[in-house]
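A.B. asks: Build me a model from this:
(one chain, ligands or ions: 2)
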Amino acid sequence: MEQSKIEIKLLKDEKSEDDGIDSESRKKGSDPKSGDQPDGQGEEKFILRIKNLVKSYGERLVLNGISLDLRPADVLVLVGPSGCGKSTLLRCLNGLEPINSGDIELDGELITTGDIKWTEIRQKIGMVFQSYELFPHLTVIENILLGPRKVQGRKKEDVLPEANSWLERVGLLDRADAYPRQLSGGQKQRVAIVRALTMQPKIMLFDEVTASLDPEMVREVLDVILELATQGLTMLIVTHEMAFARAVADQVIFLDKGVIVEASPPEKFFNNPDSDRARKFLNVFEFNEIHKVQSL
Ligand SMILES: Nc1ncnc2c1ncn2[C@@H]1O[C@H](COP(=O)(O)OP(=O)(O)OP(=O)(O)O)[C@@H](O)[C@H]1O
Ligand SMILES: [Mg+2]
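C.D. replies: Numbering: from 1, shown residues only. Ligands and ions are numbered 1, 2, ... in the order given. Prediction:
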């Protein structure tokens with residue numbers, strides 16, 4: 001476990017150096033790929049702003065005043081105990097769950113009041129879940145082209161080079177004509193990521209994308225996300241993979257009982273968290289890891 005943590009960390013550091021993009025310059029939106037420069041007024045640009053979001057299911061209050069901001073190229077990792085509201089928060093962001101109150105601003109546009117055009121908004125938010133939800137009767141490339149063609153009305157000849165380029169980057173170009181049943185879980189999840197990326201989203205949301213994978217496939221999917229981070233993609237990631245969280249995050253958000261208890265840089269959060277609740281959460285996690293190793 002410890003070894004894989006170091007490997008992941010090194011991987012990110014090396015790539016950052018190679019690309020010449022450190023996390024500070026990514027935060028300032030100066031990655032040429034992001035194209036999101038702060039405007040001439042010196043005003044800060046945000047991809048996502050959540051203000052005081054409240055969400056309940058009936059009597060059960062699940063999110064109680066969540067506020068957070070993502071600037072271009074920010075990578076925020078959301079961690080917390082099971083049931084604390086992580087998935088609910090992601091689902092609220094693309095309208096899969098109605099909210100009780102609060103504001104959500106996506107790419108400068110308020111998406112919580114007025115005439116909300118969810119079909120347009122969802123094109124700006126790429127979401128990848130634990131289950132891949134690929135169409136079984138379509139090949140890999142057909143699955144990927146479906147959204148850009150049907151929802152965005154783009155031409156096949158425009159989307160295909162982009163789709164192939166993403167497939168190449170995740171190591172699956174040679175599987176473009178395979179059907180999902182012919183792929184491993186890790187390969188299917190990488191296809192699901194490519195499918196979301198080919199819609200050219202402003203932000204990617206990942207909800208425990210490795211949770212249902214066999215251990216040997218976890219790494220190949222996490223590597224893809226680490227690579228996306230070095231390229232300046234704005235991401236909000238829910239994960240129980242703490243070594244990965246540490247390596248990929250600009251900031252770790254610790255959620256407990258629907259409240260943000262702590263928001264810290266990863267070194268601070270994992271080495272010296274401010275709150276007792278975060279410390280207990282990390283202790284339990286470490287115990288689980290040790291327990292898993294012993295029971296092998
Ligand atoms: N559709 C629903 N109806 C009622 N309650 C729900 C619904 N979905 C989630 N909840 C409740 O909301 C709370 C937050 O659930 P959520 O799935 O967001 O947790 P989570 O932090 O993602 O947990 P996990 O780490 O296990 O995925 C839980 O108490 C859950 O039981
Ligand atoms: Mg969840």
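
A.B. asks: Now Phe281. Nearest residue, chain neighbours left out?
C.D. replies: Pro81 (6.1 Å; CB to CB, 6 or more residues apart in numbering). Where you see a C-beta, it was placed from the backbone N, CA and C, and this is true even at glycine.

A.B. asks: cool, and Phe269?
C.D. replies: Closest to Phe269 by CB to CB, 6+ apart is Val252, at 4.2 Å.

A.B. asks: now check the strand or helix carrying that neighbour, is it near ligand 2?
C.D. replies: Following DSSP states H and E, the helix or strand that holds Val252 is strand 251-256. No. For strand 251-256, no contact with ligand 2 is found by CB under 5 Å from the ion; the gap never falls below 10.6 Å.

A.B. asks: and the next helix or strand after that strand, which strands flank it?
C.D. replies: Remark: after strand 251-256, the chain's next helix or strand is strand 259-264, criterion DSSP H and E. Strand 259-264 has its sheet partners listed here by DSSP bridges as strand 251-256 (antiparallel).

A.B. asks: hang on, Asp107 packs against Ile47?
C.D. replies: Yes. Using CB atoms under 8 Å, Asp107 is in contact with Ile47, at 5.9 Å.

A.B. asks: gap between the residue in the chain that ligand 2 sits nearest to and Ala176?
C.D. replies: Per CB to the ion, Ser87 is where the chain lies closest to ligand 2, at 3.1 Å. Using CB to CB, to the nearest Å, Ser87 is found at 31 Å from Ala176.

A.B. asks: Stretch 267-285 spans what distance, first to last residue?
C.D. replies: 17 Å (CA to CA, to the nearest Å).

A.B. asks: Please state the offset of it from the chain centre?
C.D. replies: Here the centre of stretch 267-285 is set off from its chain's centre by 22 Å, with CA atoms, centre = their mean, to the nearest Å.

A.B. asks: picking that back up, so between Asp107 and Ile47, which is more surrounded?
C.D. replies: Neighbour count, other CB atoms under 10 Å: between Asp107 and Ile47, Ile47 has more, with 25 against 19.

A.B. asks: pretty sure that one is touching Leu106, no?
C.D. replies: Yes. Counting by CB under 8 Å, Ile47 does reach Leu106; the two are 7.3 Å apart.

A.B. asks: what is in contact with these two at once?
C.D. replies: Residues touching both Ile47 and Leu106 by CB atoms under 8 Å, 6 or more residues apart in numbering: 202-203.

A.B. asks: No further queries at this time; thank you.
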